[in-house]
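J.: what's the 3D shape of this:
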Amino acid sequence: MGYTKEQLLARLQELGIAFESYEHPVVLTVEAQAKYVGHVEGGHSKNLFLKDKKHRLYVVSAMTTTNVDLKVLSQRLGLGKSGLRMAPEETLKEVLQVPLGCVTPFALFNESARSVALLLDHGFEKEKRVFFHPLSNDMTISLTTNDLDKFLRSIGKEPAYVDLEAVLSVGKDQPPDLAGHVPMEVVIVSNLHSEQGLDNETGPPNIILRENETSKHKEKINPDINSTKKTSVNKKETGTVGSTVTVIDGKFNPESNSTKKMSVDKKGKDTIGSTAAVTDVRELVNCILDKTTAAVLSEITGDAIEQHGKDLGPIVAGAVRKRLVPDMESLIMLFKNAAYTQGFTSAIGSRSLP
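T.: Numbers count the residues shown, from 1 in each chain. The predicted model follows:
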């Protein structure tokens, strides 16, 4: 179970963030919410929880008056015309850990959601106050964008404000302008992985698994990792009762800030720095090696050795190849797009020099 509304509000107070709260009956739509707070001046929001074909997750927070075209947004992220879709309810409950109708930037407060990308409508920056549900849709709170940014940075999320209505023709001379915001981590809900086969694709080792399943699996690989897991889990802040634990490159780590070097740097808007981390060759090589190592170790279990004996080598090689090919294709494509974007931006910048 994730954070509660009360815990979130308490955290805002700890951060010195002033907010106004409006209690109302449970609402599931923007229209229903507007009946109770629509008369209050400010930036009212609508929020989308999306996934791409590689199971990377996104929260898009837009002004209620903003028209968000998912096909255009998908192209601007470098995902093709049909690369985005609504995330299933199971993913909403296990990753964001909020009910239907409660998707907002505040849902990223839960540690299980720290690898979810967040895109904010640049229209919010023009408003004195912005409105969101605080993990529960029986209340709406308003705060300034500066205070929203303060909260997001406190959980390791650099705010990224973008023009969600911009229509750009992505091509050779116009690379995807939002490619730097595609998350490096892939979040896979464990029950979907086992029951639905993840659209016949095998996910990479950067996944979220149920804690009891993960610990049992890791004990077979290396008993020492269990002690590491306990230490990491104990680092969670007081009040966190997460039902999932993040496994990053085969290592337990509930604090996704540890992946910040490989994650996209979201500082500023449309800057070269937004793709710098992705285009770091050494980081890319290390990421590939970490993924390969984790994939190999995940296949070598006591049961597998006992069952296959000397034939385990070819079996592991085949399984690892099957797991890594989709992940490597995605990683290299992201690297290619980000490098292209960085080079294109550098070239444009150089033209403006005297």
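J.: now the stretch 251-354 of the chain, which segments are flagged as low pLDDT?
T.: Within the stretch 251-354 of the chain, the segments meeting pLDDT under 70 span 251-280, 298-299, 302-304, 306, 310-311, 336, 338-354.
J.: ok, now the chain?
T.: Applying pLDDT under 70 to the chain picks out residues 1, 187-280, 298-299, 302-304, 306, 310-311, 336, 338-354.
J.: cutoff 50 now
T.: The chain contains residues with pLDDT under 50 at 192-277, 352-353.
J.: can you map out the strands along it?
T.: Applying DSSP state E to the chain gives strands spanning 20-23, 43-52, 57-63, 84-86, 117-121, 130-132, 139-143, 161-162, 207-210, 244-248, 251-252.
J.: Output the ones you listed in TSV, with mean neighbour count and distance to residue 186 appended to each entry.
T.: Backbone N, C-alpha and C define where each C-beta goes, glycine included. Listed next are these as TSV, based on neighbours: other Cβ atoms under 10 Å; distance: least, Cβ to Cβ, whole Å:
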stretch	mean neighbour count	distance to residue 186
strand 20-23	11	36
strand 43-52	21	9
strand 57-63	22	8
strand 84-86	15	15
strand 117-121	24	11
strand 130-132	24	26
strand 139-143	21	31
strand 161-162	18	22
strand 207-210	20	7
strand 244-248	23	11
strand 251-252	18	15
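J.: With distance to residue 77 as added columns, please give these in CSV.
T.: Below are these laid out as CSV (distance: least, Cβ to Cβ, whole Å):
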stretch, distance to residue 77
strand 20-23, 33
strand 43-52, 8
strand 57-63, 8
strand 84-86, 7
strand 117-121, 9
strand 130-132, 23
strand 139-143, 28
strand 161-162, 10
strand 207-210, 21
strand 244-248, 22
strand 251-252, 28
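J.: Show the contacting residues for the closest residue to residue 76 other than its chain neighbours.
T.: Counting by Cβ to Cβ, 6 or more residues apart in numbering, residue 76 lies nearest to residue 178, which is 4.4 Å off, once chain neighbours are set aside. Neighbour list for residue 178: 73, 76-78, 119, 162 [criterion: Cβ atoms under 8 Å, 6 or more residues apart in numbering].
J.: Out of the strands of the chain, the one nearest residue 107 is which?
T.: Proximity to residue 107 (Cβ to Cβ) singles out strand 57-63 among the strands of the chain, at 6.8 Å.
J.: Specify the angle between the closest one and strand 43-52 in degrees.
T.: 160 degrees (axes from the mean of the first three to the mean of the last three Cα atoms, to 10 degrees).
J.: which residues sit against strand 57-63?
T.: Contacting residues not belonging to strand 57-63 are listed as 43-52, 68, 73, 84, 87, 91, 95-96, 103-105, 107-108, 113, 115-121, 123-124, 132, 164, 183, 187 [Cβ under 8 Å, 6+ apart].
J.: what's the residue nearest to residue 76 sitting at in phi/psi?
T.: Here is the backbone geometry of residue 178 (degrees, to the nearest 10): phi -110, psi 10.
J.: go on, residue 129?
T.: Here is the backbone geometry of residue 129 (degrees, to the nearest 10): phi -140, psi 150.
J.: so it sits right up against residue 45, yeah?
T.: No. Using Cβ atoms under 8 Å, residue 129 is not in contact with residue 45; the gap is 11.2 Å.
J.: quick one on the thing from earlier: the residue nearest to residue 76 and residue 80: what is the separation?
T.: From residue 178 across to residue 80, the span is 13 Å (Cβ to Cβ, to the nearest Å).
J.: same deal with residue 284?
T.: Distance, residue 284 to residue 80, by Cβ to Cβ: 22 Å.
J.: neighbour count winner among those two?
T.: Using other Cβ atoms under 10 Å as the criterion, residue 284 and residue 80 rank with residue 284 on top: 19 against 14.
J.: burial count for the closest residue to the more buried one other than its chain neighbours?
T.: Sequence neighbours aside, residue 335 is the residue nearest to residue 284 in space, at 5.6 Å (criterion: Cβ to Cβ, 6+ apart). As a burial measure, residue 335 scores 19 neighbours (other Cβ under 10 Å).
J.: just checking, residue 335 touches residue 285?
T.: No. Applying Cβ under 8 Å as the test, residue 335 and residue 285 come out as separate, 10.6 Å apart.
J.: List the buried residues of stretch 154-166.
T.: Within stretch 154-166, the residues that count as buried by 16 or more other Cβ atoms under 10 Å are 155-165.
J.: In contact with the closest residue to residue 30 other than its chain neighbours, which residues?
T.: In space, and not counting its chain neighbours, residue 30 is closest to residue 46: 4.9 Å by Cβ to Cβ, 6+ apart. Residue 46 makes contacts with 30, 61-64, 66, as judged by Cβ under 8 Å, 6+ apart.
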